[in-house]
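Undergrad: Here is a sequence together with a model predicted from it:
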Amino acid sequence: MRIAIIGQQEFGKAVLDAFLARGDTVAGVFVAPEKPGARPDPLRLAAEEKGLTVFQFGSYRKPDAQEALRRLDVELAIMAYVLLLAPQDFVRIPRHGTIQYHPSLLPRHRGPSSINWPIIQGATRTGLTIFRPTDGLDEGPIILQKQIEVGPDETLGDVYFNKLFPLGVQAMLDAADLVVAGRHEERVQDETQATYEGWCREAEARIDWVRPLDQVYNLIRGCNPAPGAWTTLNGTRLQIFDSRKIPFRRFADVKGGIGEIADVGAQSFKVTAHGGQIEVLRARLGDGKKVGAGELARAAQLAPGIKLGG
């Protein structure tokens, strides 16, 4: 088939590579402009290396962006990780329209951080959706969905890179085949089941040690590796990445107050939360590097009784 790729970053590059590998014609690639000082977009670099036509419009609402897509004369447009809004005047140009990837089971978890939030909320399953983009945010008809299990200790990185990323690339291929062949069905989203969450950023990633142990642990998992759940140590930000939870089994297990360092070992340190402890395995203090928690504890002279947060 003759297609256009509209996307960004590593996922966009992987989708481009997958369509090219099976012999489809990519007539053009649309990539959001990089911000000053940002790393080159992997999708743009890959497209240029392959000699493909690359467009970088700041908005897909502009007539020149729409005319560029129209001139490509493609059967289908593939939206693979797109943060710019694409109006109907743009997405309806290809002969079979446009399909878009979203890493959640729509209508659940609409919004930009749809992988973080299910983990933070303690979900045991999530998935991905290929749908028709409309002017509403992640509200278009569903073409294809794939469900995955979320393990009790899996992080954002585990769920995305090991599951939603590779499964999403294949789902885009499958959905494109169905649409171009006219064998797909479009299911309207059930608005009674819809949820929306905004970005998971710095403010949302702050640890409240008073919350139940599971909630603290899920926040850490859902923010690992980005944006990184954090607390403070003597006023300096301490980001926690790899960790384990240790529930209290009996009252005698309780050591220290809420938010206090209860134990420091060679490879980790433990922080008391409501109902158990978080064993920190990898962390970053201030502007330093991510390091093993034992190394950080020695450098920062951590000791039982030191309180985190404030």
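TA: Nice, I can see it.
Undergrad: all helices of the protein, in order?
TA: With DSSP state H as the criterion, the chain has helices at 9-21, 42-49, 63-72, 88-91, 116-120, 156-159, 165-181, 213-222, 293-300.
Undergrad: Present those as JSON lines; the columns should include mean pLDDT and distance to residue 189.
TA: Heads up, the C-betas are built off the backbone N, CA and C, glycines and all. Below are the helices of the chain laid out as JSON lines (pLDDT from 0 to 100; distance: least, C-beta to C-beta, whole Å):
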{"stretch": "helix 9-21", "mean pLDDT": "98", "distance to residue 189": "22"}
{"stretch": "helix 42-49", "mean pLDDT": "98", "distance to residue 189": "28"}
{"stretch": "helix 63-72", "mean pLDDT": "98", "distance to residue 189": "25"}
{"stretch": "helix 88-91", "mean pLDDT": "97", "distance to residue 189": "17"}
{"stretch": "helix 116-120", "mean pLDDT": "98", "distance to residue 189": "17"}
{"stretch": "helix 156-159", "mean pLDDT": "98", "distance to residue 189": "22"}
{"stretch": "helix 165-181", "mean pLDDT": "98", "distance to residue 189": "16"}
{"stretch": "helix 213-222", "mean pLDDT": "98", "distance to residue 189": "24"}
{"stretch": "helix 293-300", "mean pLDDT": "98", "distance to residue 189": "43"}
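Undergrad: of all those, which lies closest to residue 28?
TA: helix 63-72 (4.7 Å; C-beta to C-beta).
Undergrad: Could you export that closest one as PDB, CA atoms only?
TA: This file holds the C-alpha atoms of helix 63-72, laid out as PDB (Å, rounded to 0.1, in the frame of the first residue of the first chain):
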ATOM      1  CA  PRO A  63      -3.300  24.800   4.500                       C
ATOM      2  CA  ASP A  64       0.300  24.000   3.500                       C
ATOM      3  CA  ALA A  65       0.400  20.900   5.700                       C
ATOM      4  CA  GLN A  66      -2.900  19.700   4.200                       C
ATOM      5  CA  GLU A  67      -1.700  20.400   0.700                       C
ATOM      6  CA  ALA A  68       1.500  18.500   1.300                       C
ATOM      7  CA  LEU A  69      -0.500  15.400   2.400                       C
ATOM      8  CA  ARG A  70      -2.900  15.800  -0.600                       C
ATOM      9  CA  ARG A  71       0.000  15.900  -3.100                       C
ATOM     10  CA  LEU A  72       1.300  12.600  -1.700                       C
END
